[in-house]
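Trainee: got a structure for you, letters missing:
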Ligand SMILES: [Zn+2]
């Protein structure tokens, strides 16, 4: 499970997560494609294509060439997850001076548990685009890979009611203070911020010259520099940032690299993994699940125009995202009859109003797979008097027209800066997804 903690540390932003997934896929024989090139896909070939920021699709072509007969239509085994996590994102003018201190100006991205962002060693990562008068544009990944800012709490002596609950004012209270050695007290903050970015890029890419390049656009998120940790060995817990939903991305990519679709079945299977950005803000973007990336890629895998709909009609999708594990101190927030525990099995997520994707066909198929692979499972549903969150499952199931089921790993503190999940659950999820990619049952 060191690979998981390495993946989490190396993925402080969706940009970086895609970069890491590409490395995992390349090392296991997957070949990179680009959207603008024409594709000549080989039977049994393994491929991936990215659309940045933070979106990647990988697939394994059926071993046997497709023909027009119904019996040989491939069945897509689609697994979907998201690469983004809620947090604090830099504004276009990201620096200002408050009481003599340089602070960062941020917007809240998604729905983080804001109280958990205070008193953490905060790093900064994402993508920057630079412009040069003669040489044009250049975009680079950026990660300071060390603490650069801090969001200090107000001392209890200045707010005696702090332990009775704090209201966090998003505009006033969430300005992380920058370390002084990055930006001096008496200097113009934006100019120094830009200089700071260029210096870091020069350090990060020593073989390139950033002289004369001006940062003009950025997609930069703050993150907790404390690395993910394994607690209690291989059967214990993993704690860390962005488990929702990088834990699912890691399990799904690993499962795809281990899948053996041609070995276990005579029916042509087409395993596909799709990881999207912007789930935490509603998925409506060119790299979100409501975008055209997945249907555009899938349509390029089939010979004839109508084959896409025909294949979808006999295909299945698993949407993988974090699930709520029962919290022993807040049991009244759960339906005790449908409350999963950590390290007690993969969670099937249910909601009567389709906030999670659900079809009895997909659920039956996946629980049958669990049974044949000796994988424990649990079911989750909210209390009847509380609404639940949502996933990309319903959106994709509706737009593609396939049977789908939402699954996940039970976790604590979802959307905290540091979440916790069970490691045996991660292994069980990985085994189930490997079986799903490989088996026509
Ligand atoms: Zn999620």
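Mentor: The structure has been received and is ready for your questions. For clarity, every value in this text was computed on a predicted model and none was experimentally measured.
Trainee: Give the next helix or strand downstream of the lowest-mean-pLDDT helix or strand in the chain.
Mentor: Sorting the helices and strands of the chain by mean pLDDT, DSSP states H and E puts helix 261-264 at the bottom, at a mean of 65. Counting by DSSP states H and E, the next helix or strand C-terminal to helix 261-264 is strand 269-276.
Trainee: Show me what that following strand is packed against.
Mentor: Contact here means 3 or more Cβ pairs under 8 Å, 6 or more residues apart in numbering; DSSP states H and E; on that basis strand 269-276 packs against helix 14-26, strand 55-60, strand 75-82, helix 243-258, helix 261-264, helix 293-299, helix 423-438. Quick note: C-beta positions are derived from backbone N, CA and C, even for glycine.
Trainee: Sketch out the low-pLDDT regions of the stretch 51-200 of the chain for me.
Mentor: Across the stretch 51-200 of the chain, residues meeting the criterion (pLDDT under 70) sit at 65-71, 180-187.
Trainee: give me that answer again for 90
Mentor: Along the stretch 51-200 of the chain, segments meeting pLDDT under 90 span 52-53, 63-74, 95-102, 135, 162, 165-166, 178-196.
Trainee: The stretch 301-441 of the chain: helices as residue ranges?
Mentor: Secondary structure of the stretch 301-441 of the chain (DSSP state H, counting those that start in this stretch): helices located at 307-313, 360-372, 393-400, 423-438.
Trainee: how about the residues of the stretch 251-400 of the chain that lie near the ion?
Mentor: residue 321 (Cβ under 5 Å from the ion).
Trainee: Point me to the residue of the stretch 251-400 of the chain nearest the ion.
Mentor: residue 321 (4.2 Å; Cβ to the ion).
Trainee: Was I right to think that residue contacts residue 81?
Mentor: Yes. Applying Cβ atoms under 8 Å, one finds residue 321 in contact with residue 81, separated by 6.7 Å.
Trainee: who's more crowded, these two?
Mentor: Set residue 321 next to residue 81 and count neighbours by other Cβ atoms under 10 Å: residue 81 wins out with 29 against 25.
Trainee: I'd like the helices of the stretch 301-441 of the chain laid out as a markdown table, including mean neighbour count and mean pLDDT.
Mentor: A markdown table is the format used below for the helices of the stretch 301-441 of the chain (neighbours: other Cβ atoms under 10 Å; pLDDT from 0 to 100):
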| stretch | mean neighbour count | mean pLDDT |
| --- | --- | --- |
| helix 307-313 | 16 | 89 |
| helix 360-372 | 16 | 96 |
| helix 393-400 | 20 | 93 |
| helix 423-438 | 23 | 97 |
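Trainee: Can you add distance to residue 171 and give those back as CSV?
Mentor: Below are the helices of the stretch 301-441 of the chain laid out as CSV (distance: least, Cβ to Cβ, whole Å):
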stretch, distance to residue 171
helix 307-313, 45
helix 360-372, 43
helix 393-400, 31
helix 423-438, 38
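Trainee: wait, doesn't residue 137 sit right on residue 213?
Mentor: No. The criterion here is Cβ under 8 Å, and residue 137 misses it with residue 213 at 9.5 Å.
Trainee: Who has more neighbours out of the two?
Mentor: Set residue 137 next to residue 213 and count neighbours by other Cβ under 10 Å: residue 213 wins out with 22 against 11.
Trainee: how close does that one get to residue 134?
Mentor: 10 Å (Cβ to Cβ, to the nearest Å).
Trainee: okay, residue 421: pLDDT?
Mentor: Listed pLDDT for residue 421 reads 98.
Trainee: Any idea how many residues pack against it?
Mentor: For residue 421, using other Cβ under 10 Å, the count is 28.
Trainee: Ok, residue 148 next?
Mentor: 21.
Trainee: now swap in residue 155 and tell me
Mentor: So residue 155, with other Cβ under 10 Å, has 8 neighbours.
Trainee: Show the contacting residues for it.
Mentor: Residue 155 makes no contacts at all, as judged by Cβ atoms under 8 Å, 6 or more residues apart in numbering.
Trainee: Surely residue 144 touches residue 123?
Mentor: Yes. Under the criterion of Cβ under 8 Å, residue 144 makes contact with residue 123 at 5.3 Å.
Trainee: Using CSV, lay out the helices and strands packed on strand 269-276 together with distance to residue 346.
Mentor: Listed next are those as CSV, based on distance: least, Cβ to Cβ, whole Å:
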stretch, distance to residue 346
helix 14-26, 21
strand 55-60, 21
strand 75-82, 13
helix 243-258, 10
helix 261-264, 20
helix 293-299, 23
helix 423-438, 5
